[in-house]
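*Asks:* Below are the sequence and a predicted model for it; my questions follow.
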Amino acid sequence: MQLSKAEEQLMQILWKKEKAFMKDLIDAYPNPRPAQTTVATLLKRMQDKNFVDYRQFGRSREYFPLVKKKDYFSRQVNGMIKNFFNDSASQFASFFTKETNLSKEELEELRSLIDQEIQNK
């Protein structure tokens with residue numbers, strides 16, 4: 001399941017805070033901040049998608065993520081590789097290394113990461 005751009009922005013705040021009340025979430029937005037009703041709608045949608053949940057404290061709700069940031073972005077990247085690169089990690093790597101203007105140092109760092117993963121397998 002995917003998040004909209006607005007939901008992803010809110011999720012980034014929640015991942016950073018780990019848990020937060022509505023006021024804390026709104027305060028974390030850059031200006032102009034969204035209305036409380038907008039954030040409440042986003043949270044409800046994200047709850048329906050099983051990305052967030054909350055604990056009730058009297059009349060206040062403390063929201064927290066149900067999905068780890070790493071897991072979400074791993075799914076996104078794997079989906080992108082499947083949809084745009086014929087499920088080929090090498091096609092993705094070729095595109096990534098050619099189209100992102102990486103420096104020689106960055107490419108060498110990538111090679112080092114890959115070599116380390118090969119040793120771990």
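*Replies:* Everything's here; your move.
*Asks:* contacts, neighbours, all on C-alpha from now
*Replies:* Fine.
*Asks:* Show me the chain divided up by domain.
*Replies:* Domain segmentation of the chain under automatic domain parsing yields 5-65, 69-120.
*Asks:* What separates the first and last residues of the longest one, distance-wise?
*Replies:* With Cα to Cα, to the nearest Å as the measure, domain 5-65 spans 16 Å from end to end.
*Asks:* what about the helices in this protein?
*Replies:* Taking DSSP state H as the criterion, the chain carries its helices at 5-17, 22-28, 36-48, 69-84, 89-99, 104-120.
*Asks:* about what we covered before: which of the domains of the chain comes out lowest on mean pLDDT?
*Replies:* Ranked by mean pLDDT, the domains of the chain bottom out at domain 69-120, with a mean of 85.
*Asks:* tell me which residues in stretch 19-31 are buried?
*Replies:* Of the residues in stretch 19-31, 19, 20, 21, 25, 26 count as buried by neighbour count, 16 or more other Cα atoms under 10 Å.
*Asks:* for stretch 48-60, same thing?
*Replies:* 51, 52, 53, 54.
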